[in-house]
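*Asks:* Based on what follows, work out the 3D shape:
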Amino acid sequence: MTSAPTAVIALDVGGTGMKCALVRPDGTVHHEERHPTRADRGPEAVTEKILSVAESLAERARTDGLTPVACGIAVPGVVDEVNGVAVWSANVGFRDVPLRDLAAKRLGLPAALGHDVRVGALAEARLGAGRGRRHVLFVAIGTGIAGGLVIDGTGYPGAHGAAGELGHVVVRPDGPACGCGLRGCLEALASARAVGRRYAELSGDPRATAFDVATRAARGDDLARRVWQEAVEALADGLLTAQALYDPGVVVLGGGLAEAGDDLLLPVRAAVDARVTFHRTPEIVRAELGDAAGCLGSALLALDSLKGSS
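*Replies:* Prediction:
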C-alpha cells in the first residue's frame, strides 16, 4: 500500500495581507490563497488568524489527498529563527510571540519561523535567480529595503535575527530623515516610497508613485529622470557597502521597484561598476519568483525543519 503524497503549509505574513499555500516537496504549489492580515485588530488577533489559516490549509491538504507534514511561517520585523519567536514587528505589532511553538501545538506538526525577506532570499537562491550559486545576496526594494544573505543554500540571520538591514545603512549623512531615527538611510532615498515621495515634493503631484517616476523617466521626463538617477546612485552606494561586507557572487534585486526591469538594472549595474575599486563586481540580476518567493521560502523552511528533526 502506497502512502499519500505530502505537502507543507506555507504562510508569508505581511502588514496588509497573507500569501498562503500548500507546497509539495519538489517546490510545486498545489494550492494557494490570500487573506487580509488586519493588523489593526492587534497582534493577538493576527496570531489567531495565522493559526486558523494554517489549520484550514492542513484540512484542505487532507481533503485533497495530501498529508501535511510541516508548516513554515514568514513574518516581517526582527525574528529569532533559532527559538521560533517573532521578536518585534512594527507592521504587525508582534512583541516576543512564540509563533513556531504555537503553530506546532495547534497543528500537531513540526513548524519553522523565518523573516519575510530572508525566506524570500532562500527561495531565490535555491529556486530562482540565484540557483546554482554559492553566495547570493537578495535585496528587496519595496516600501522599505532589506536584504538576505544565503550561503550554500542556508540563510544567515545574524546573532540577533536582524542581519541584512541594508535599508538602514547611511549613504547620505545629510539626507532625509528615516523612520528608524537616523538621516540619509538607503531606505529613505531609494525605496519605492522614497522615490514616489521625492518626485511628489519636486513636481507638486501628491499622488505620484515610484511606478509613475519609472514610467515618466523612461519616456524622457527630465524631473523623473533626475529623481530616478538619485535613487540609483544611492542604491549603488548601498550595494557597494554590501559587496564590501558580504562579497556575494550574485545580487538579486526583488520587490516592487525591481518590476522596472532594465530601467533599474542597467543604470544600477553601471553605477556600481563605476564605484568598484578593489572589490569584485557582483552580477546584478532581477528576481525571478515575484511575490511567490515568500511562500516558497516558507515552504523550504518547513522542509528544512523535517531534515533537522530526522
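*Asks:* Is the closest residue to Thr215 other than its chain neighbours within a helix or a strand, and which one?
*Replies:* Leaving out its chain neighbours, the residue that sits closest to Thr215 by Cβ to Cβ, 6 or more residues apart in numbering is Ala224, at 7.9 Å. Just so you know, the C-beta spots here come from the backbone N, C-alpha and C atoms, and that holds for glycine as well. Element membership for Ala224 (DSSP states H and E) is helix 222-246.
*Asks:* following that helix, which helix or strand shows up next?
*Replies:* Reading on from helix 222-246 to the C-terminus, the next helix or strand found by DSSP H and E is strand 250-254.
*Asks:* Surely the residue nearest to Thr215 touches Phe211?
*Replies:* No - counting by Cβ atoms under 8 Å, Ala224 stays clear of Phe211, with 11.0 Å between them.
*Asks:* Which of the two has more residues huddled nearby?
*Replies:* Neighbour count, other Cβ atoms under 10 Å: between Ala224 and Phe211, Ala224 has more, with 22 against 15.
*Asks:* isn't there a helix covering Val272?
*Replies:* Yes - applying DSSP: H, G, I helix; E, B strand; the rest coil, one finds Val272 inside a helix.
*Asks:* separation between it and Ala121?
*Replies:* Note on Val272: its distance to Ala121, by Cβ to Cβ, to the nearest Å, is 19 Å.
*Asks:* next one: Ile50
*Replies:* Going from Ile50 to Ala121 by Cβ to Cβ gives 21 Å.
*Asks:* Pick out whichever of those two has more residues nearby.
*Replies:* Each of Ile50 and Ala121 has its neighbours counted (other Cβ under 10 Å); Ala121 has more, 32 against 26.
*Asks:* Going by secondary structure, Glu32 is in what exactly?
*Replies:* Going by DSSP H and E, Glu32 is in strand 29-36.
*Asks:* first to last residue in stretch 130-148, what's the distance?
*Replies:* Terminal residues of stretch 130-148 lie 12 Å apart, using Cα to Cα, to the nearest Å.
*Asks:* Would you mark the buried spots in it?
*Replies:* 130, 133, 135-148 (16 or more other Cβ atoms under 10 Å).
*Asks:* same question, stretch 253-267
*Replies:* 253-260, 263-264, 267.
*Asks:* okay, it in PDB with CA atoms only?
*Replies:* The C-alpha trace of stretch 253-267 is given here as PDB (Å, rounded to 0.1, in the frame of the first residue of the first chain):
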ATOM      1  CA  LEU A 253      17.100  42.600  -6.800                       C
ATOM      2  CA  GLY A 254      13.400  42.000  -5.900                       C
ATOM      3  CA  GLY A 255      10.400  43.900  -4.600                       C
ATOM      4  CA  GLY A 256       8.200  46.400  -6.300                       C
ATOM      5  CA  LEU A 257      10.900  48.700  -7.600                       C
ATOM      6  CA  ALA A 258      12.600  45.700  -9.400                       C
ATOM      7  CA  GLU A 259       9.500  45.500 -11.600                       C
ATOM      8  CA  ALA A 260      11.000  48.300 -13.500                       C
ATOM      9  CA  GLY A 261      13.300  45.700 -15.000                       C
ATOM     10  CA  ASP A 262      16.200  47.000 -17.200                       C
ATOM     11  CA  ASP A 263      15.200  50.600 -16.400                       C
ATOM     12  CA  LEU A 264      16.500  49.800 -12.900                       C
ATOM     13  CA  LEU A 265      19.100  47.000 -13.600                       C
ATOM     14  CA  LEU A 266      21.100  48.700 -16.300                       C
ATOM     15  CA  PRO A 267      21.800  52.000 -14.500                       C
END
